[in-house]
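Peer 1: Okay, here's the prediction I keep looking at, along with the sequence it came from:
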Amino acid sequence: MSLVFAGVASHAPGITGREERAPRAQRDAFYAAYEAMRVALDAARPDAVMIVAAEHFANFFMNNMPAYAVGMSDEYDGPIEDPEWLRIPHRVIKGDADLSQRLIRGLLDHVDVAYAEEWRFDHGIMVPLHFLDPDNRYTVIPGNINCQGPPLTPLHRAWAFGEAIRAAADALPERIALIGTGGISHWPATPDSGRINEAWDRAFLDKWVANDKAAMLAYTDEDTYRDAGQGGFEIRTFIATAAAARGKGTLLHYAPIPIYAVGCTAATMEIV
């Protein structure tokens, strides 16, 4: 069929794990945006949802760190973190090994991608699923871009990965939705945790909403690390989503919420 939905959202563990510690108005506005995104996702009637996240050394380590990976199992489980800490109950998530393998074959026509039959979901996937699939209905295809352990894939290759997702999805008979999840600016697990560079975030989101490829790919890792922290490397998932969608974006929500340690974002993008 085709790619039928594209969006991006933040996935920081504090979004659920410390939900009551944010100012109520800020929390409610962000949660409402996630709910609007869920409604739009449901309206697209996807047969499967591909979630491209930045995995946090939960499954992949520096002894074997793929630049890109896609899951191909009939089921997954998560969260790998303590459910009481994340405040997301453990669940078994439905996969589709056959569909994943067909998608992977399509990806391999364009990019080199690793694949995994075993994958435990961390907060990078579980936080978005908590809001976008609260009833655990969707078939999920997990994807990962290494945003953790240098050397990181160049931004133009993250764009190429998104183009490959689009080509592979469009060749399938199933309806595929794509969710990219990540930062934007944040400094997780450092003394600067809770710091957010709002100006940097908004400038990047302006480029993302415009789907300005040249402007997004002009970022360097050195500048991103300085201005947006190591968490800023997760712009790769946003870039891949923009490449797959090809259209213009709609920003449903952005606000810095320090107790969640991230600029909290939810946005969709037109499929063209």
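Peer 2: Received, thanks.

Peer 1: For the host helix or strand of residue 268, enumerate the helices and strands it packs against.
Peer 2: Secondary structure from DSSP states H and E places residue 268 in strand 262-271. In terms of contacts (3 or more CB pairs under 8 Å, 6 or more residues apart in numbering; DSSP states H and E), strand 262-271 is packed against strand 2-10, helix 14-17, helix 24-43, helix 198-209, helix 235-245, strand 246-257. To be clear about C-beta, it is placed using only N, CA and C from the backbone, and glycine gets the same treatment.

Peer 1: just the ones you listed: most buried one?
Peer 2: By mean neighbour count, with neighbours taken as mean count of other CB atoms under 10 Å, helix 235-245 ranks first of these at a mean of 28.

Peer 1: roughly how far is that helix from the heart of the chain?
Peer 2: Relative to the centre of its chain, helix 235-245 is centred 9 Å away, using CA atoms, centre = their mean, to the nearest Å.

Peer 1: Remind me what that helix packs against, helices and strands.
Peer 2: Contact analysis of helix 235-245 by 3+ CB pairs under 8 Å, 6+ apart lists strand 2-10, strand 48-53, strand 140-145, helix 155-170, strand 175-182, helix 198-209, helix 213-217, strand 262-271 as its packing neighbours.

Peer 1: hmm, 6 Å instead?
Peer 2: strand 2-10, helix 155-170, strand 175-182 (3 or more CB pairs under 6 Å, 6 or more residues apart in numbering; DSSP states H and E).

Peer 1: now stretch 119-129: mean pLDDT?
Peer 2: Mean pLDDT, computed over stretch 119-129, is 97.

Peer 1: Export the helices and strands packed on helix 235-245 as JSON lines, with columns for distance to residue 109 and mean pLDDT.
Peer 2: Listed next are those as JSON lines, based on distance: least, CB to CB, whole Å; pLDDT from 0 to 100:
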{"stretch": "strand 2-10", "distance to residue 109": "16", "mean pLDDT": "97"}
{"stretch": "helix 155-170", "distance to residue 109": "7", "mean pLDDT": "98"}
{"stretch": "strand 175-182", "distance to residue 109": "16", "mean pLDDT": "97"}
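
Peer 1: Out of these, flag the one nearest residue 256.
Peer 2: When those are compared by CB to CB, strand 2-10 sits nearest residue 256, at 10.8 Å.

Peer 1: still on that earlier bit, closest to residue 152 out of the helices and strands packed on strand 262-271?
Peer 2: Relative to residue 152, the nearest member of the helices and strands packed on strand 262-271 by CB to CB is helix 235-245, separated by 7.5 Å.

Peer 1: which other residues reach that closest one?
Peer 2: In this structure, residues lying in contact with helix 235-245 by CB atoms under 6 Å, 6 or more residues apart in numbering are 6, 8, 52, 54, 145, 147, 155, 158-159, 161-163, 165-166, 178, 180-182, 208, 211, 216, 269, 271.

Peer 1: what angle do that helix and helix 155-170 make?
Peer 2: Calculated by axes from the mean of the first three to the mean of the last three CA atoms, to 10 degrees, helix 235-245 forms an angle of 40 degrees with helix 155-170.

Peer 1: Now tabulate the helices and strands packed on helix 235-245 in JSON lines and tack on distance to residue 62.
Peer 2: Compiled in JSON lines, those are given as follows (distance: least, CB to CB, whole Å):
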{"stretch": "strand 2-10", "distance to residue 62": "25"}
{"stretch": "helix 155-170", "distance to residue 62": "19"}
{"stretch": "strand 175-182", "distance to residue 62": "20"}
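
Peer 1: and among these, the most buried is which?
Peer 2: Note that of the helices and strands packed on helix 235-245, strand 175-182 is the most buried (mean count of other CB under 10 Å), with a mean of 27.

Peer 1: Pairing partners for that strand, with directions?
Peer 2: strand 2-10 (parallel), strand 48-53 (parallel) (DSSP bridges).

Peer 1: what pLDDT does residue 1 get?
Peer 2: The pLDDT attached to residue 1 in the predicted structure is 61.
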